[in-house]
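Q: Structure, please.
(one chain, ligands or ions: 1)
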Amino acid sequence: MPALVASPTPSSPTPTRHDPSLQRLILALDQIPNKIDVRQEDLIFLNNLLQSSELQALLKIHGKVSTNECIEPCPVASNASQIAYDVGDDLRSKPMNSDAKELYQILAFPHFQALLECHDKIASKDFMPRLPELPLDIDEGEPSVKIVRLVKSNEPLGATIKCDEDSGMIVIARIMHGGAADRSGVIHVGDEVHEVNGIPVKGKEPDDVVSILAGINGTITFKLVPAELEFENRIYRESQVRVRAHFDYDPKDDKLIPCKEAGLGFNKGDILHIVNQDDPTWWQARKEGDKNQRAGLIPGRQLQERREALKRTTPSSPAFQREQGSPGLRGSGRGSTIRNSKRKTRKIMYHAKENDEYDNEEIIVFDEVARFQVTPGRYRPIVMIAAPGVGRNELKRRIIASDPSHFKATIPHTSRPKKPTEVEGKEYHFLSRLQMESDIQNNRFIEHGEYKGNLYGTSLDAIYDVVNSSKVCILNVHPQAIKLLRISDLKPYIVFVKPPSIDRLRMTRLSAQAKSTLDPTLTRTFSDEELHEMIATSQRIEALYSHYFDYTLINDDLQVAYSELRVIAYRVEHEPQWVPAGWVR
Ligand SMILES: Nc1ncnc2c1ncn2[C@@H]1O[C@H](COP(=O)(O)OP(=O)(O)OP(=O)(O)O)[C@@H](O)[C@H]1O
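A: Down below sits the predicted model:
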């Protein structure tokens, strides 16, 4: 094969065969030394470059492409495969020199043949499905009948039908966004279906019509009476709303959905793009990032909220039992963030029970989200939520120790008097009891507690101190503090630290000789009862607060859990994340 460009020719001082603009440039080179201070070898280099045959070839290609830019390419022939075949035949029948042999090999190459076949298909526009001729028996007297032909593929039609009770007609009830019917642009909500492949459907049940459709292969011909113009002219704009789902959904288990096949299943935590909410009961949605452009039906917010509320009043449901039987988050209200390494503050209890009960009443099925990318220098606090003893303080210690110049804990406040050896703002910020009580009243503390007659707490100001110093604030708080923290200014990233199965929990904690945090002396290992309690409390936290969690981290093997936490921290800083939509408006 010849080379694409010829080898460079020596430069010539009188460039006559060049492109006129290039020629001007080359001539201008002579004047450069008079105007600016330049090295001789740079000039020679530039001269050689401008005169090189590679640049000539590139300019030629550029010229050709730019003059042909507006000309639509059209095929010279649509039988290139046949021509190639004939040429091959001709070549074979004669003695071949090396060029002929090379050409023969290229023409015989399967990829090349496939390429020519594609070319021919495109050239002859052989990519549209072939529709049969329209039937001749259309009654001209019928004023506004439309005949719609669709070629059935594996893809569903993307429309639901219903029976109009007054007229007994089958009517298009909804068009699924992005589905085949929607893309056809000729089927609309409200169109009456009179015939399917010549079979009259008036008076039939929607299920019968679905069976007729299921039995058809190839082309489906609908005879439709168009909907009122009001419907037909309606433009369905795709909404841009994204929500995070807080429940699992499988349309197969949904007795109410108008068409199970049109349903979209999803899991708790999935991000859904809500494309249409015209029907408040059944929204149309796509899973974010899903290649399938056809939307599916999902229950709307009101319907799902009613279902969740009902679940809570059904005695056999786990939600009901959780609400009736379980106590508040026993022990989990202890102020982990205010402990530092001082073991004696470990007894602090938070009076959070009432809040916990209040949390039971919240029903959140979807919350609207939007993408958010951190601005370097202002990082989102990473907040770890866990049942006592699961290990979040260990994880916090490790991540801060890994890079203290980047990760930082808050400095707690206390009303106890400062000891002579203590420095304000080092271990604690010292406040008078009166001031601290007033700050607590004014919601300046995300959590607080009392120990031996003194108040301790973590203030919002302490969190801002860390955030404003361009560090990642690492916080371990009680779940009830999440609500106070979830503000647009802080945009906390909430990590739920969860225990593994009871067997793994027992094994990992015993083999590490982990000391029970429920024992004030911290001298004994966790009892089996405490390990079970850890799992039960975690389940309760999860049931009440999981809609706030951005990530669930299972603390099984400590090293693995810590590495995962580092990866999460990296992602929160460097990759866009879904946050409540209100935070980015
Ligand atoms: N994955 C793990 N494997 C083994 N030991 C662990 C693991 N995670 C934590 N531990 C150990 O368990 C003990 C309790 O951990 P940690 O102090 O972090 O608990 P905590 O969840 O912060 O508890 P609390 O909230 O009650 O203070 C510590 O000795 C810690 O080293």
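Q: use CA for all of it now, contacts and neighbours both
A: Noted.
Q: Quick check: Thr458 touching Phe445?
A: Yes. The criterion here is CA atoms under 8 Å, and Thr458 meets it with Phe445 at 5.6 Å.
Q: who's more crowded, the two?
A: Thr458 (28 against 23; other CA atoms under 10 Å).
Q: for that one, helix, strand, or coil?
A: Here Thr458 is recorded as strand under DSSP: H, G, I helix; E, B strand; the rest coil.
Q: Any idea what it is bridged to?
A: Taking DSSP bridges as the rule, Thr458 bridges to Glu447.
Q: who are the neighbours in contact with it?
A: Residues counted as contacts of Thr458 (CA atoms under 8 Å, 6 or more residues apart in numbering) are Thr337, Ile338, Thr410, Ile411, Pro412, His413, Phe445, Ile446, Glu447, His448.
Q: Pull the contacting residues for the fifth one.
A: Remark: with contacts taken as CA under 8 Å, 6+ apart, Pro412 is in contact with Thr337, Ile338, Glu427, Tyr428, His429, Tyr456, Gly457, Thr458, Ser459, Ala462.
Q: Surely the last one is within a helix?
A: Looking back up the chat, that one is Ala462. Yes. Assessed by three-state DSSP, Ala462 belongs to a helix.
Q: hang on, the earlier thing: so which of the contacts of Pro412 is the closest to the ligand?
A: The shortest gap between the ligand and any of the contacts of Pro412 belongs to Thr337, at 8.6 Å (CA to the nearest ligand atom).
Q: Tell me, please, the helix or strand in this structure that averages the lowest pLDDT.
A: Using mean pLDDT, DSSP states H and E, helix 353-360 stands out as the lowest-scoring helix or strand of the chain, at a mean of 48.
Q: so what does the helix or strand following that one touch, helix or strand wise?
A: Per DSSP states H and E, helix 353-360 leads on to strand 366-372 as the next helix or strand towards the C-terminus. Packing contacts for strand 366-372, counted by 3 or more CA pairs under 8 Å, 6 or more residues apart in numbering; DSSP states H and E, involve strand 241-245, strand 577-580.
Q: among the ones you listed, which is nearest the ligand?
A: The ligand lies closest, by CA to the nearest ligand atom, to one member of these: strand 577-580, at 26.1 Å.
Q: how many neighbours does whichever residue of the stretch 451-585 of the chain sits closest to the ligand have?
A: Using CA to the nearest ligand atom, the closest approach of the stretch 451-585 of the chain to the ligand is made by Leu558 at 3.4 Å. Per other CA under 10 Å, the neighbour tally for Leu558 reads 16.
Q: From Ile474, how far out is it?
A: From Leu558 across to Ile474, the span is 18 Å (CA to CA, to the nearest Å).
Q: Gln82 now?
A: 70 Å.
Q: Give me the more crowded residue out of those two.
A: Ile474 (27 against 14).
Q: Include distance to Gln435 when you put the contacts of Thr458 into TSV, please.
A: Output for those, formatted as TSV (distance: CA to CA, whole Å):
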residue	distance to Gln435
Thr337	20
Ile338	18
Thr410	19
Ile411	17
Pro412	15
His413	11
Phe445	12
Ile446	16
Glu447	15
His448	13
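Q: Please list which of the residues you listed are also close to the ligand.
A: Contacts with the ligand within the contacts of Thr458, as defined by CA under 6 Å from any ligand atom: none are present.
Q: Now the residue in the stretch 151-300 of the chain that the ligand sits nearest to: closest residue in space that isn't a chain neighbour?
A: Here the residue of the stretch 151-300 of the chain nearest the ligand is Gly269; by CA to the nearest ligand atom that distance is 24.3 Å. Closest residue in space to Gly269, ignoring its immediate chain neighbours: Ala245 at 5.3 Å, by CA to CA, 6 or more residues apart in numbering.
Q: So what sits opposite that neighbour in the bridge?
A: In beta-bridge terms (that is, DSSP bridges), Ala245 pairs with Phe366.
Q: What about it, how many residues nearby?
A: Ala245: 20 neighbours (other CA under 10 Å).
Q: With Ile363 instead?
A: Neighbours of Ile363 under the rule other CA under 10 Å: 16.
Q: Phi first, then psi, for the residue of the stretch 151-300 of the chain closest to the ligand.
A: Note on Gly269: backbone dihedrals following degrees, to the nearest 10 are phi 100, psi -20.
Q: quick one: contacts for it?
A: So Gly269 contacts Arg244, Ala245, His246, Phe247 (CA under 8 Å, 6+ apart).
Q: Look up the pLDDT of it for me, please.
A: For Gly269, the pLDDT comes out at 93.
Q: how close does it get to Arg540?
A: For Gly269, the distance to Arg540 - CA to CA - is 18 Å.
Q: With adjacent residues omitted, what lies nearest to Met176?
A: Gly158 is the one closest to Met176 (CA to CA, 6+ apart), at 4.9 Å.
Q: And the strands in the stretch 351-500 of the chain?
A: 366-372, 382-386, 407-408, 413-414, 429-430, 445-451, 454-459, 472-476, 493-498 (DSSP state E, counting those that start in this stretch).
Q: sorry, that was for the stretch 1-150 of the chain
A: Going by DSSP E, counting those that start in this stretch, the stretch 1-150 of the chain shows strands at 146-151.
Q: For it, which residue gets nearest to the ligand?
A: Per CA to the nearest ligand atom, His111 is where the stretch 1-150 of the chain lies closest to the ligand, at 55.1 Å.
Q: What is the neighbour count of that residue?
A: His111 - counted by other CA under 10 Å - has 11 other residues nearby.
Q: Low-confidence regions, this protein specifically.
A: Applying pLDDT under 70 to the chain picks out residues 1-18, 69-71, 127-143, 229-237, 315-361.
Q: can you list the domains in it?
A: Following automatic domain parsing, the chain resolves into domains at 20-67, 80-123, 146-232, 241-309, 336-358+369-579.
Q: Including distance to Pro73, could the ones you listed go into a markdown table?
A: Output for the domains of the chain, formatted as a markdown table (distance: least, CA to CA, whole Å):
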| stretch | distance to Pro73 |
| --- | --- |
| domain 20-67 | 12 |
| domain 80-123 | 10 |
| domain 146-232 | 27 |
| domain 241-309 | 30 |
| domain 336-358+369-579 | 41 |
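Q: before we move on, what SS does Lys162 have?
A: Quick answer, by three-state DSSP: Lys162 is strand.
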